[in-house]
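Engineer: Please work out how this folds:
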Amino acid sequence: MKKAHLLLVGIYFSVSPLFAYNADSGEKLYLEAKCQKCHTSDSFTSADSKVKNLAKLKWRVKKCNFAMDAEWFDDEVDDVVHYLNKKFYKFEPSRFN
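Structural biologist: Residues are numbered from 1 along each chain as shown. Below is the predicted model:
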């Protein structure tokens, strides 16, 4: 019984981050920070985009967060990444931390 409980807890903590991101919150943060002043939808859909995976997307969002002094927490960065991925990039969902 104890092993089954530990197994379920382990599965929960390994899978739950996949579903913890909130695209609606990410969109709100993106709009509040006025990211669209620099990034139009063409920026995300361009054939020569340097963002080729979720890890690179997260790195770019963190870079903008710092440059614009948005002061987003890590979970908010994740929400923005999730929003951008859902709306534009469509990378395969995975843990990107």
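Engineer: Which strand or helix spans the residue nearest the centre of the chain?
Structural biologist: Taking CA atoms, centre = their mean, the centroid of the chain lies closest to V81, which sits 2.2 Å from it. In the assignment (DSSP states H and E), V81 maps to helix 74-84.
Engineer: List of residues touching that helix?
Structural biologist: 20-27, 29-30, 44, 54, 57-58, 61-62, 65, 72, 96-97 (CB atoms under 8 Å, 6 or more residues apart in numbering). Glycine gets a C-beta too; all of them are placed from N, C-alpha and C.
Engineer: let's see it at 10 Å
Structural biologist: 17, 20-31, 33, 35, 39, 44, 51, 54-55, 57-62, 64-65, 70, 72-73, 89, 91, 93, 96-97 (CB atoms under 10 Å, 6 or more residues apart in numbering).
Engineer: And stretch 53-66, by the same measure?
Structural biologist: By CB under 10 Å, 6+ apart, the residues outside stretch 53-66 that reach it are 26, 29-30, 33, 35, 38-39, 44, 49-51, 70-74, 76-85, 88-89, 91-97.
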